[in-house]
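Chemist: Based on what follows, work out the 3D shape:
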Amino acid sequence: MIQYVPPPAFIGLPPKFTEWRKNQADAIYGILSSEKQVVMSICPTGFGKSLMYVAASLLYGGKTVILTSTKALQAQLLRDFADIGMVEVKGKNAYLCPMADNALSCEEGPCSSGFNCPIKKSGCPYYLAVEAARTSRLVVTNYSFWFYSNRYSEGIGTPTLLVCDEGHDAPNAVASFLTVKLERRDEALVSGLPDNPEKINLEKWKSWAEHRLQKVSVRTEEVEEGIQSGTNRSDRMFKELAKLKRLSNKLGDVARMDLKNWVVDVTPFSVEFAPVDVRKDCQRLLYKHIPHVILTSASVNQKTAQMLGLQKDNCDVFEYPHTFPLENRMVIHVRGARINKNASGEDLKEWLKTADKIISERLDRKGIFHTTSYGRRDFVMAHSNYAPYMLTHSPKDTIPKVMQFKSAKPPIVLVSPAVTTGWDFPANECRYQILGKVPYPDTRNKITAARCKNDPEYAPYIAMQQIIQASGRPVRSETDVAETFIIDDNIGWFMQQYSRKFAPKWFREAYTTRIFPPRPADLQTFVGEERGEE
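Modeler: Numbering: from 1, shown residues only. Reported below is the predicted structural model:
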């Protein structure tokens, strides 16, 4: 497809964008020429998705709302496009209330308890951000705010164009928003949970939620009266009121849940309720009544559209080739052992032997070992010959440990079950990575099990998304070079069965199988020191 699209400066983009990257102009034209409500743009790493959809927005005219999954991408978009009027809006809990004596969020501030805020229109950071988003033609926010504002408030206006960045994760974003998780240690619930909650069916849970909601409403009124009368006005009470209102919303959702489409999962720590199929909810919360929608990521596909409830005749799909050299981004299955819940001790030893072989020849560079679980992480840390060179983390210190890894010198290996998405490791920050297992979702969770039963392709879709996203973490520009090794032999049948359904062509081209790990590339060939634009 070769069509004329004006240069960036002519459209009104920031001056630093002087020309289109390869395939960008075709992608912009594809969006603008489509007569369908939804355009799916499958764009590999380094394509420059943000420039593509902002350019399409300017050429469309009207209001555009961009949804992102990560704070990092939201910040990057603002850095790149604030000069042409892009604004950002987040949820109330992301802003500090200027009327509070101490550090209360706007969700916890006095106006949440019925006070008329004197600075609501002139000095409240949350309402100023909402008003800016209502009146601006280029807005970036997160999925959760978009859903919440459309469900519980008047929102920020109906855009002409909605952009779902990291669109492959949009179905999960809707499901996560609708999921209700009640912590069993919550003081407002601990005395009110039914006996033997593991044995309670959904109908009884609905009745329980209705009854519990009445009690929470009584306590909410008591706290509000105390605050408004001044007899009990303190930060602690403001925080309790905000917590009670969140709990009321959750209990209301449980009381209204569809018995035919919801499932409950009870653990020693929580009770979690969630929908199994979210297609109708996606239409209602995400894209209903919006004339133009762009779904874009490196791995969005027809299955994504199906999970969002989109009809084939209402969606155009455009897939673009990778512009990075194939040899710089190879995904290599090295034969070792099949890893699953039935893997024996000997299987795990053979598996780790393969990983240690890869590491042993790459001590002059930094690598990541993706373990998919903390249990398998512990096995690696306890038995690897290269444990002294390994750095790991807990769920609570992921960010500082990852930043420590990024700034460290080799030899070092980050051992983690949690950095396959949402992180970038360009240039010398990572030159190889090991995927220890095909990352199927854990079906011990009853919600996941119900979704897999409802849709046999749900689990392989999630697993393929994880693999594709992980493979792109260290290769961020044309000059970046990084090897991705998969050491779970289940990848063989998995790729044979699902690669054409769920993987883009550029990923299939990069995938190969070896009996032994290849010799590492000469470090002097690595010249990618600058991070490419995402």
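Chemist: what's the helix or strand of the chain with the lowest mean pLDDT in contact with?
Modeler: Least confident helix or strand, the chain: helix 187-190 with a mean of 71, by mean pLDDT, DSSP states H and E. With contacts defined as CB atoms under 8 Å, 6 or more residues apart in numbering, helix 187-190 is touched by 182-184, 212, 216, 219, 243-244, 247. Quick note: C-beta positions are derived from backbone N, CA and C, even for glycine.
Chemist: least confident pick among these?
Modeler: Lowest pLDDT of the contacts of helix 187-190: Arg184, 83.
Chemist: how far away is that residue from Lys446?
Modeler: The gap separating Arg184 from Lys446 is 16 Å, by CB to CB, to the nearest Å.
Chemist: Please parse this protein into its domains.
Modeler: Domains of the chain are assigned by automatic domain parsing as 8-86+136-178+278-319, 185-266, 326-525.
Chemist: if we compare these, which one ends up closest to Glu108?
Modeler: Closest to Glu108 of the domains of the chain, according to CB to CB: domain 185-266, at 4.3 Å.
Chemist: which intervals of the stretch 51-200 of the chain have sub-threshold pLDDT?
Modeler: For the stretch 51-200 of the chain, applying pLDDT under 70 flags the ranges 101-102, 112-116, 190-191.
Chemist: All the strands of it, in order from the start?
Modeler: 64-68, 87-88, 138-142, 161-165, 180-183 (DSSP state E, counting those that start in this stretch).
Chemist: Repeat that for the stretch 351-500 of the chain.
Modeler: Under DSSP E, counting those that start in this stretch, the stretch 351-500 of the chain gives strands at 366-370, 390-391, 412-416, 432-435, 483-488.
Chemist: other SSEs contacting the third one?
Modeler: It refers to strand 412-416. Packing partners of strand 412-416 (3 or more CB pairs under 8 Å, 6 or more residues apart in numbering; DSSP states H and E): strand 366-370, helix 374-383, strand 390-391, helix 398-407.
Chemist: For Val139, find the nearest of the ones you listed.
Modeler: Between Val139 and the helices and strands packed on strand 412-416, the tightest spacing by CB to CB is seen for helix 398-407, at 26.8 Å.
Chemist: Using CSV, list the CA coordinates for stretch 22-31.
Modeler: Provided in CSV are the C-alpha atoms of stretch 22-31 (Å, rounded to 0.1, in the frame of the first residue of the first chain):
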residue,chain,number,x,y,z
LYS,A,22,9.1,2.9,7.3
ASN,A,23,5.4,1.8,7.0
GLN,A,24,4.1,4.6,9.2
ALA,A,25,2.5,6.5,6.4
ASP,A,26,0.9,3.3,5.1
ALA,A,27,-0.5,2.7,8.6
ILE,A,28,-1.9,6.2,8.9
TYR,A,29,-3.5,5.9,5.5
GLY,A,30,-5.0,2.5,6.4
ILE,A,31,-6.7,4.1,9.5
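Chemist: Let me see the residues that make contact with it.
Modeler: For stretch 22-31, using CB under 8 Å, 6+ apart, the contacting residues are 1-5, 20, 39, 41, 43, 47-48, 51-53, 55-56, 59, 294, 316, 318, 320-321, 323.
Chemist: Determine which stretch of the helices and strands packed on strand 412-416 is the most buried.
Modeler: Using mean count of other CB atoms under 10 Å, the stretch among these with the largest mean neighbour count is strand 366-370, at a mean of 27.
Chemist: who's in contact with it?
Modeler: Contacts of strand 366-370 (CB under 8 Å, 6+ apart): 355, 358-359, 380, 390, 405, 408, 410-417, 419-420, 425, 428-436, 439, 470, 473-474.
Chemist: What of stretch 373-390?
Modeler: 348-349, 352, 355-356, 359-360, 363, 369, 371, 392, 394, 411-417, 436-437.
Chemist: Of the residues you listed, grab the buried ones for ChimeraX.
Modeler: Command for ChimeraX, covering only those of these found buried under the criterion 16 or more other CB atoms under 10 Å:
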select :348,352,355,356,359,369,371,392,411,412,413,414,415,416,417,436,437
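Chemist: Tabulate the strands of the stretch 51-200 of the chain in a markdown table, adding columns for mean neighbour count and distance to Asp277.
Modeler: Formatted as a markdown table, the strands of the stretch 51-200 of the chain follow (neighbours: other CB atoms under 10 Å; distance: least, CB to CB, whole Å):
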| stretch | mean neighbour count | distance to Asp277 |
| --- | --- | --- |
| strand 64-68 | 24 | 21 |
| strand 87-88 | 20 | 32 |
| strand 138-142 | 23 | 23 |
| strand 161-165 | 25 | 19 |
| strand 180-183 | 17 | 16 |
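Chemist: So for Ser248, what's the nearest residue that isn't a sequence neighbour?
Modeler: Sequence neighbours aside, Val216 is the residue nearest to Ser248 in space, at 5.5 Å (criterion: CB to CB, 6 or more residues apart in numbering).
Chemist: Does the helix or strand containing that neighbour pack against any helices or strands, and if so which?
Modeler: For Val216, the enclosing helix or strand under DSSP states H and E is helix 202-229. Secondary-structure packing of helix 202-229 (3+ CB pairs under 8 Å, 6+ apart): helix 187-190, helix 235-255, strand 262-266.
Chemist: List the buried residues for that helix?
Modeler: Buried residues in helix 202-229 (16+ other CB under 10 Å): 202, 205-206, 208-209, 212-213, 216, 220, 223-224, 226-227.
Chemist: so how far is that helix off the chain centroid?
Modeler: 32 Å (CA atoms, centre = their mean, to the nearest Å).
Chemist: That one relative to helix 235-255, how many degrees between them?
Modeler: Relative orientation of helix 202-229 versus helix 235-255 (axes from the mean of the first three to the mean of the last three CA atoms, to 10 degrees): 150 degrees.
Chemist: which residue sits closest to the one residue sitting closest to the centre of the chain, ignoring its sequence neighbours?
Modeler: Computing the C-alpha centroid of the chain and ranking residues by CA atoms, centre = their mean puts Ser69 first, at 4.5 Å. Spatial nearest neighbour of Ser69, chain neighbours left out: Glu166 (4.3 Å); criterion: CB to CB, 6+ apart.
Chemist: so what's the one you found up against?
Modeler: Per CB under 8 Å, 6+ apart, neighbours of Glu166: 68-70, 73, 297.
Chemist: now, which of those sits nearest Gly252?
Modeler: Nearest member of the contacts of Glu166 to Gly252, counting by CB to CB, is Ser69, at 26.4 Å.
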